[in-house]
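Q: need coordinates for the below:
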Amino acid sequence: MTAPSPEITTFWREFVDAQASLQAQPLRERVESANVLIERHLSGLALEMSGGDSDAVVDLIVTAHGSIDNFPLLMEVVAAAPTLQNYRLRAFRERTSQPDFPIGMEGFELSTSEVLVACGQDDGQAALEIRFGREIPSDYQDHARNMAFIMLDHVLGEYDFAVKVGAVDFVEEASDPLAPWVPLSQFVPVFDRYWVDTLGRTSDFPAGEHDWSGMTLSFGGQDDEDGSGDEAEDKAIVMVNRSANPVAMRADLAYALTLDLAVGNRDQLAAVQDLQDQAATLLALPQLGIMAYTLTRAGRRKAVYYVGDKQLAMQTLAPLLLRDEAESLELTFAFDPAWSGYFEFAVHCP
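A: Residues are numbered from 1 along each chain as shown. Got it, this is the predicted structure:
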């Protein structure tokens, strides 16, 4: 594993040093004191605790309040945590075990049983349509919508709501008249079934030969120097691995690793394709990652793999990337837990 940043190391050292004084405080005050520590070093993250004042061990939740930009930092903080005597450490705010609950805001109360949800598709993510099962006074419309978002975060869990859910629209009628309306208090099993049965996200790595689809993209021609417009069109060939869909958006496959190589002639193309295919095999056998798509354009071929552990992926591929045909390699990692790069092409590929 990569060594944690100085900020993460300092935070955990101070947290461990403060454990004794934290234990002497009631839980609410303990949470406030712990957040003073994390805010001093790690902007964008917060700590929550679940348990009782007298519990010897309580749950310690590291949250980014749903901000995907801060998810990589959150995961690094949790991975670097020392052994904590009085805490069970958890990454992200988990789903509540009691989804039927009310919340109040400025004198207005709303229950999850009064928030009705219909589930649809937004490219690779789930789309949610929401209406209210009771009359909402005009002065509280914005309150009710804000409260519905807070409820969704608690019911679906921080990670799933941020990553798996795309568009959220407040409507009077569902865009799909056949989509059932379900109270948010009963929505979790409906959402999970939709994720698996409709979107096909079983989380199972594909076995055997993978199913690939291809398409050609045209980016339009450019005028040459005399303005005749005869210059060849800029085209790209995209190949999408349909078999990757079942593991799309798995929390342990959140990083897009791109191997971008020059393919100036037919022989180079064959050698690069072979190297990228071997990389796919090396990652897939121990289920460290999966090749999701390739894009060939302007004399280069990109292969994009989704992996979980960047360091382990690089260790696995290191011998392959030292070969002569990898001389032109441009390698990048991007945090893409919603697989937006994959679905940019997968939803359009025949």
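
Q: what residues does stretch 36-51 touch?
A: Here stretch 36-51 makes contact (C-beta atoms under 8 Å, 6 or more residues apart in numbering) with 7-8, 10-11, 14-15, 18, 27, 30-31, 34-35, 57-65, 67, 69-70, 73-74, 77, 87, 93. Every C-beta, even on glycine, is put in place using the N, C-alpha and C of the backbone.

Q: those, buried ones only, as a PyMOL selection?
A: Buried subset of the contacts of stretch 36-51, written as a PyMOL selection, criterion 16 or more other C-beta atoms under 10 Å:
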select buried, resi 8+11+15+27+30+31+34+58+60+61+62+63+64+70+73+74+77+87+93
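
Q: contacting residues around the nearest residue to Ser111 once chain neighbours are set aside?
A: Counting by C-beta to C-beta, 6 or more residues apart in numbering, Ser111 lies nearest to Pro102, which is 4.2 Å off, once chain neighbours are set aside. By C-beta under 8 Å, 6+ apart, the contact list for Pro102 reads Glu109, Leu110, Ser111, Thr112.

Q: distance of Pro102 from Leu110?
A: According to C-beta to C-beta, to the nearest Å, Pro102 and Leu110 sit 7 Å apart.

Q: for the longest helix belonging to the chain, buried residues please.
A: Using DSSP state H to define each element, the chain has its longest helix at helix 266-284. Neighbour counts over helix 266-284 (16+ other C-beta under 10 Å) mark Gln268, Leu269, Ala271, Val272, Gln273, Leu275, Gln276, Ala279, Ala280, Leu282, Leu283, Ala284 as buried.

Q: also stretch 302-322?
A: Applying 16+ other C-beta under 10 Å to stretch 302-322 flags 302-310, 313, 316-317, 320 as buried.

Q: what about the contacts of stretch 36-51, which are in helices?
A: Judged by DSSP H, helices contain the following of these: 7-8, 10-11, 14-15, 27, 30-31, 34-35, 73-74, 77.

Q: what's the closest of those residues to Ser203?
A: Ser203 lies nearest to Leu74 out of the ones in helices among the contacts of stretch 36-51, by C-beta to C-beta, at 21.3 Å.

Q: against Leu47, how distant is the spatially closest residue to that closest one that is not a sequence neighbour?
A: Closest residue to Leu74 apart from its sequence neighbours, by C-beta to C-beta, 6+ apart: Ala64 at 4.9 Å. Counting by C-beta to C-beta, the gap from Ala64 to Leu47 is 11 Å.

Q: thought Ala91 was touching Leu73?
A: No - checked against C-beta atoms under 8 Å, the pair Ala91 and Leu73 is beyond contact range at 11.1 Å.

Q: okay, now the unreliable bits of the stretch 101-250 of the chain?
A: For the stretch 101-250 of the chain, applying pLDDT under 70 flags the ranges 220-232.

Q: residue boundaries of the helices in it?
A: 141-156, 158-164, 187-193 (DSSP state H, counting those that start in this stretch).

Q: which residues touch Ala256?
A: Ala256 neighbours (C-beta under 8 Å, 6+ apart): Ala292, Val304, Tyr305, Tyr306, Phe333, Ala334, Phe335, Asp336, Trp339, Gly341, Tyr342.

Q: touching stretch 137-149 from outside, list them.
A: Under C-beta under 8 Å, 6+ apart, the answer for stretch 137-149 is Ile103, Met105, Glu106, Phe108, Leu110, Val115, Ile130, Phe132, Ile136, Val168, Phe170, Leu184.

Q: repeat that with 10 Å
A: The contact list for stretch 137-149, computed with C-beta atoms under 10 Å, 6 or more residues apart in numbering, reads 66, 102-112, 114-117, 128, 130-132, 134, 136, 161, 168, 170, 184.

Q: what's the answer for stretch 204-217, then?
A: 233-247, 250, 253, 280, 284-285, 287, 289-291, 293-297, 345-346, 348-350.

Q: thinking again about what came up before, what do Pro102 and Leu110 both touch?
A: Met147, Met151.

Q: on that earlier part again, may I see the buried residues of helix 266-284 arranged in TSV, with pLDDT and distance to Arg40 as well?
A: Below are these laid out as TSV (pLDDT from 0 to 100; distance: C-beta to C-beta, whole Å):
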residue	pLDDT	distance to Arg40
Gln268	94	52
Leu269	95	53
Ala271	95	52
Val272	96	48
Gln273	97	50
Leu275	97	46
Gln276	98	44
Ala279	98	41
Ala280	98	43
Leu282	97	42
Leu283	98	38
Ala284	97	42
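
Q: for the stretch 251-350 of the chain, give me the ranges with low pLDDT.
A: For the stretch 251-350 of the chain, no range has pLDDT under 70.
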